[in-house]
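1. pasting the structure only:
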């Protein structure tokens, strides 16, 4: 996750990770609030409001408007938690 330096890069890593772990038909077309809802469902918790904002409109915003470290922390947690949930058979 350290290689992503902006929200767009983090969002891309999240999407690529999701496409590896879940059927393409479930993931590929998701964007905006539907994408955030899906991320919440697959990790078992709601996204912080700032992260949801960043992943919906923040990918188009200037860098100083978005807290990249908060988005990075959520993405890291999502990647870890979805792997653990998948291992437990809870897709």
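-> That came through fine. Predicted model, so just to flag it, every value in this text is computed and none were measured.
2. which residues does residue 39 contact?
-> Counting by Cβ atoms under 8 Å, 6 or more residues apart in numbering, residue 39 touches 14, 18, 47, 55, 78. C-beta here means a position set from N, CA and C on the backbone, and glycine is covered the same way.
3. So which of the residues you listed is surrounded by the most neighbours?
-> Each of the contacts of residue 39 was scored for neighbours by other Cβ atoms under 10 Å, and residue 55 scores highest at 25 neighbours.
4. And the pLDDT for that one?
-> Residue 55 is assigned 90 on the pLDDT scale.
5. show me what contacts it?
-> 7, 11, 14, 35-36, 39, 47, 71.
6. re earlier: which two in the contacts of residue 39 are spaced the farthest apart?
-> Farthest-apart pair in the contacts of residue 39 is 18 and 47; separation 13.9 Å (Cβ to Cβ).
7. quick one: the lengthiest helix in the chain to chain centroid distance?
-> Longest helix in the chain by number of residues (criterion: DSSP state H): helix 68-87. Distance of helix 68-87 from its chain centroid, counting by Cα atoms, centre = their mean, to the nearest Å, is 7 Å.
8. That helix packs against which elements?
-> Applying 3 or more Cβ pairs under 8 Å, 6 or more residues apart in numbering; DSSP states H and E, we find helix 68-87 packed against helix 7-21, helix 32-43, helix 49-56.
9. Now find how far off-centre the first one is within its chain.
-> If I follow you right, that is helix 7-21. Relative to the centre of its chain, helix 7-21 is centred 7 Å away, using Cα atoms, centre = their mean.
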